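Student: Sequence and predicted structure are below.
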Amino acid sequence: MLSPTAIAKPLHFFPASAGGASPLAQLLAKNLRGDVLFDSASRGRYSTDASIYQITPIGVVVPRDQADVLRALEIARDQNVAVLSRGAGTSQCGQTVGDALIIDNSKWLCNVIAFDANAMTITVEPGMVLDHLNAWLKPHGLWFPVDVSTSAQCTIGGMTGNNSCGSRSIEYGNMVHNVLSVDAVLADGTQANFGSLNTPVSGTRLQNIVSSLQTIATRERTELAERIPKVLRRVAGYNIDLFDCQNPRAYTDDGVANLAHLLVGSEGTLAYSRQITLKLCPLPVHKVLGVVNFQSFYKAMDSAQHIVTLKPTAVELVDRTMIELALSNPAFRPVVEKALLGQPAAILLVEFAGEDHAALVPRLLLPLHPRQEARGPDRLRALPHHLRTGRVAQGHRRHHHRQATQWPGGRGAGDLCR
């Protein structure tokens, strides 16, 4: 019998030399310090992302530094070649694949450029991975709160292009609410800082852009107000409402338009983002978590609109498919089993955060025990009638408070953790 290694051997990829490559590849290899990948294997790898789409790129550049980026963009412009900026490739709608020259920011362009702990701001390159950024910030008691599920892979540049949100967006907002400025390169090679209009705009090119945007905003004010969806995250077009925000959450704290918000959510179609300045937040001192079990997926979805009125920092839906997958993983199973009551069709994870742990626990508004009748109704008063309680189970652990509640719409279990 043949051994598995005799049947299938591991593949090893090596960048092809510039010899025999296309003129574009040769030109890039001659002028760049980073990797220039035009071989079939590399182009094949970059033809896919987390989506179902597959488009083979012209080639790939992995710039070693900012100078490499500027040279690559200049060469692409002179050769009339489209450019596509790429981070981790976690996009699910094909945003990081295309018939273009791919610029992969994730390998080398992942540095912290500037940091101000007092102002709670940081400037990073587009290839900075979110988890790496938050690990860097943790000793300072700060974090970047747009916490997407792919945080171990996704890059700040990709999150900016995608207007990423994350599980805590109802508390902290999306990328558009947390990007302060972007140093960008336009298609004609102009370098510009897209930031708050509190600061005078410099450069004729950017001044013309601002003037054109203001003309559109004034001319189409009524149409924009009527047509733009009033939702927290909107990526079906550019944020041309930056002068008259239609988002339920204001784009800026001071009400002054910020040009960076035009680039956020634009998927790299308007400019290449070289450096991104972010607004940071203090790390939460304490968190409490309620796990609400539902007998139907519909009831879980319907209840979310009521739960958000309690001002949680996060509400996450987990359906039966994800529950089963978690239970099948030995690392997750013990934790998941403690949060489940029976076999729910879906659960909602409801988190509250703040500085006072004792003040957070009552915010879950769940009764502790049937015999505590006087306390139970008070704690449930803010909940809609169809979420109120019947049977309650309770347990205690060191630094933990666990409670579970039978709700008519489903069942609720809470793990309240310090």
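Tutor: Sure thing, it's come through.
Student: going forward, measure contacts and count neighbours with C-alpha atoms only.
Tutor: Fine.
Student: Confirm that E351 sits in a strand.
Tutor: Yes. Under DSSP: H, G, I helix; E, B strand; the rest coil, E351 falls within a strand.
Student: tally of neighbours for it?
Tutor: By the criterion of other Cα atoms under 10 Å, E351 has 24 neighbours.
Student: check contacts around it.
Tutor: Each residue near E351 by Cα atoms under 8 Å, 6 or more residues apart in numbering is listed here: 287-290, 312-315.
Student: Distance check, it against A326.
Tutor: Counting by Cα to Cα, to the nearest Å, the gap from E351 to A326 is 19 Å.
Student: nearest to A346, of the contacts of E351?
Tutor: Nearest to A346, judged by Cα to Cα, of the contacts of E351 is V315 at 12.8 Å.
Student: how about the nearest residue in space to A88 that is not next to it in sequence, what does it touch?
Tutor: Excluding the flanking residues, the one nearest A88 by Cα to Cα, 6 or more residues apart in numbering is C154, at 5.2 Å. Neighbouring residues of C154 by Cα under 8 Å, 6+ apart: 87-90, 129-130.
Student: Looking at those residues, which one is closest to P330?
Tutor: The closest of the contacts of C154 to P330 turns out to be T90 (Cα to Cα; 25.9 Å).
Student: Would you double-check that that closest one falls in a helix?
Tutor: No. Using three-state DSSP, the assignment for T90 is coil, not a helix.
Student: Tell me how far it lies from Q153.
Tutor: T90 is 8 Å from Q153, where distance means Cα to Cα.
Student: which two in the contacts of C154 are spaced the farthest apart?
Tutor: G89 and L130 (13.7 Å).
Student: Which of those two has more residues huddled nearby?
Tutor: L130 (24 against 21).
Student: Identify the residues contacting the nearest residue to the more buried one once chain neighbours are set aside.
Tutor: Using Cα to Cα, 6+ apart and skipping the chain neighbours, the partner closest in space to L130 is S151 (5.3 Å). By Cα under 8 Å, 6+ apart, S151 lies in contact with 129-131.
Student: ok, now with 10 Å
Tutor: For S151, the contacting residues are 129-134, 159, 166, by Cα atoms under 10 Å, 6 or more residues apart in numbering.
Student: What pLDDT does the model give the spatially most central residue of the chain?
Tutor: A centroid search over the chain (Cα atoms, centre = their mean) returns S164, at 3.4 Å, as the residue closest to the centre. Confidence at S164, expressed as pLDDT, is 94.
Student: Which secondary structure state does it sit in?
Tutor: Of the three states, S164 takes coil under three-state DSSP.
Student: residue boundaries of the strands in the stretch 51-200 of the chain?
Tutor: For the stretch 51-200 of the chain, the strands defined by DSSP state E, counting those that start in this stretch cover 59-62, 83-86, 101-104, 112-116, 121-124, 142-143, 179-185, 191-194.
Student: wait, the stretch 301-418 of the chain
Tutor: Applying DSSP E, counting those that start in this stretch to the stretch 301-418 of the chain gives strands spanning 314-319, 346-354, 392-397, 400-407, 410-417.
Student: wait, isn't F194 in contact with G203?
Tutor: No. Assessed by Cα atoms under 10 Å, F194 is found out of contact with G203, at 11.3 Å.
Student: how far does stretch 195-204 sit from the chain's center?
Tutor: With Cα atoms, centre = their mean, to the nearest Å as the basis, stretch 195-204 stands 27 Å off its chain's centre.
Student: okay, the strands of the stretch 51-200 of the chain in TSV with mean neighbour count next?
Tutor: Formatted as TSV, these follow (neighbours: other Cα atoms under 10 Å):
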stretch	mean neighbour count
strand 59-62	24
strand 83-86	25
strand 101-104	24
strand 112-116	13
strand 121-124	21
strand 142-143	21
strand 179-185	23
strand 191-194	20
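Student: want to throw those into a markdown table with mean pLDDT and distance to R45?
Tutor: Shown next, in a markdown table, are the strands of the stretch 51-200 of the chain (pLDDT from 0 to 100; distance: least, Cα to Cα, whole Å):
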| stretch | mean pLDDT | distance to R45 |
| --- | --- | --- |
| strand 59-62 | 98 | 10 |
| strand 83-86 | 96 | 13 |
| strand 101-104 | 98 | 11 |
| strand 112-116 | 98 | 28 |
| strand 121-124 | 98 | 26 |
| strand 142-143 | 98 | 33 |
| strand 179-185 | 98 | 27 |
| strand 191-194 | 96 | 31 |
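Student: Now do the end-to-end distance for stretch 263-277.
Tutor: Start-to-end span of stretch 263-277 (Cα to Cα) is 13 Å.
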